[in-house]
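S.K.: below are the sequence and a predicted model; questions follow.
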Amino acid sequence: MLMNKIKWIFFDIGSTLVDESAVYENRIKEITQGNNIDKNEFVAKVIECAQTSPKPIVSAAEDYGVNVPAWRHDLEVLYPDSKEVLQRLSQKYKIGIIANQDFGTEQRLTDFNVHQYINLVIASAEEGVAKPDLRIFQIALARADCKPEEAVMVGDRIDNDIIPANKIGMTTMWIKQGFGSYAEPKTVEEQSDYIVNSLAEITEVFR
């Protein structure tokens, strides 16, 4: 891989830059306690769904026929390495976001005090199109004035991040965090160019 060609690094947000563990825990707690469901049994179902679904808790809840509590953005926190990694990478590369997010993504990044390291934010709510639709990647590349071969996509989901970015010709990096880490690549299009287990490892690739 000719990394000297790379000009932009695009990141997903959830389970990539932002740790959503507390949101998941809250949802699981409310679902299981509110519906008298065994927690261990439900978590096992969630992990099973995580192998194929971008929303494993929602999929598991559907299997049980129960409602899912609203998403709690107030429970989201940055991964400990997020700010330092973005700061270091932004000294050499342009940094972008391609994420399936509710309205207000830029404000949340500002609240996390990382917006100053990010050059472009493309979020599904504002664009009216969501990953894995290739159009959201095309929108990002067009606004960045960047060719696919000059860009990297870093994300936790094989289905939402790696497959579409591969199809469009970007370099791909799968970060094995959150429920997305339970997936197993089975086809060529599911294979990422790089696999890392934490944000800190990214700076070892992009020196």
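M.R.: Arrived safely.

S.K.: please count neighbours and contacts with C-alpha atoms only from this point.
M.R.: OK.

S.K.: what segments of the protein are helices?
M.R.: Taking DSSP state H as the criterion, the chain carries its helices at 21-34, 39-50, 56-64, 82-89, 105-111, 124-127, 134-144, 163-168, 199-205.

S.K.: for the third one, which positions count as buried?
M.R.: The one in question is helix 56-64. Neighbour-count burial for helix 56-64, with 16 or more other CA atoms under 10 Å as criterion, is recorded at Pro56, Ile57, Val58, Ser59, Ala60, Ala61.

S.K.: same question, the fifth one
M.R.: Taking 16+ other CA under 10 Å as the neighbour-count basis, helix 105-111 is seen to contain the buried residues Thr105, Glu106, Leu109.

S.K.: okay, now the unreliable bits of this structure?
M.R.: 1-3 (pLDDT under 70).

S.K.: over to the residue of it positioned farthest from its centre: give its phi and psi.
M.R.: When distances are taken from the C-alpha mean of the chain, Asn36 lies farthest, 31.1 Å away, according to CA atoms, centre = their mean. Here is the backbone geometry of Asn36 (degrees, to the nearest 10): phi 50, psi 50.

S.K.: could you check how far it is from Asn119?
M.R.: To Asn119, Asn36 is 46 Å away according to CA to CA, to the nearest Å.

S.K.: before we move on, what about Thr52?
M.R.: 32 Å.

S.K.: wait, which of the helices of the chain is closest to Val152?
M.R.: helix 163-168 (8.3 Å; CA to CA).

S.K.: contacts for the closest one, please.
M.R.: With contacts defined as CA atoms under 8 Å, 6 or more residues apart in numbering, helix 163-168 is touched by 131-134, 137, 148, 153, 171-172, 189-192.

S.K.: to the chain's geometric centre, what's the distance from it?
M.R.: Offset of helix 163-168 from its chain centre (CA atoms, centre = their mean, to the nearest Å): 14 Å.
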